[in-house]
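J.: Dropping a prediction and its sequence here:
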Amino acid sequence: MAEYLKKVKELMQSFEEAEVLHISRGLNKKADSLSKLASVAFDHLAKDIKVEILGQPSITQVAVTNVEVQEERCMTPVLLYLREGVVPKNKQEAWRLRIKALKYEIIEGALYRRSYLGPSLKCVDLTEAEYIIQEIHEGISGMHMGVNMVATRAMRVGYYWLAIFLSALKEIQRCDSCQIYAPVTRQPKLNLIPVSSSWPFQNWV
């Protein structure tokens, strides 16, 4: 409909004067009947209403949709190996890929990581992973939890990616609430080392 509206506006510019009037449905029986064609058969239409069936659209302009190409992920070699059997030319890298692929499987065209005690985890890219981490950490049902809890919860709901703990850490570090209200550890990281002196004020300069 948007393309037809655009075409009508282009045709209106070719006239010296054009006026658009709104007619209510009750005063325009033809338009009212045409609007009901999806649910009413042609036999029930009035005889004064002419219906023309077009075999092709009136607009010849081809609509083009932008397609975003996903960049290659770190799990792409595993996916290609499981789908098509593609392995690197290097024998050592090919052996590592075969060992790594044992942990994964393809279900309905998507890559999943096998789980020992639970269902298989769906492998996602970094864009989807960022959204998942944000929803788990501070979404509608999210809680401002630590790194391990956020990453564990992401795997419990069925998602997996290689840098899952790193993604959780970055999300917590840029969260204002976590940084403001986080407990401050005042204990020194290293034990204090006492310094002994042979006489008083020996170490003073």
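T.: Thanks, I have it.
J.: Now do the end-to-end distance for stretch 97-111.
T.: With Cα to Cα, to the nearest Å as the measure, stretch 97-111 spans 15 Å from end to end.
J.: which parts of that stretch are buried?
T.: Leu97, Ala101, Tyr104, Leu111 (16 or more other Cβ atoms under 10 Å). Every C-beta, even on glycine, is put in place using the N, C-alpha and C of the backbone.
J.: In strands, which of these appear?
T.: Tyr104, Leu111 (DSSP state E).
J.: Is it possible to get JSON lines of the buried residues of stretch 97-111 that adds pLDDT and distance to Ser167?
T.: Output for those, formatted as JSON lines (pLDDT from 0 to 100; distance: Cβ to Cβ, whole Å):
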{"residue": "Leu97", "pLDDT": "88", "distance to Ser167": "24"}
{"residue": "Ala101", "pLDDT": "88", "distance to Ser167": "23"}
{"residue": "Tyr104", "pLDDT": "89", "distance to Ser167": "19"}
{"residue": "Leu111", "pLDDT": "87", "distance to Ser167": "18"}
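J.: Is it possible to get a markdown table of the buried residues of stretch 97-111 that adds distance to Gln187?
T.: Converted to a markdown table, the buried residues of stretch 97-111 look like this (distance: Cβ to Cβ, whole Å):
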| residue | distance to Gln187 |
| --- | --- |
| Leu97 | 45 |
| Ala101 | 45 |
| Tyr104 | 43 |
| Leu111 | 44 |
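J.: which two in the buried residues of stretch 97-111 are spaced the farthest apart?
T.: Leu97 and Leu111 (13.6 Å; Cβ to Cβ).
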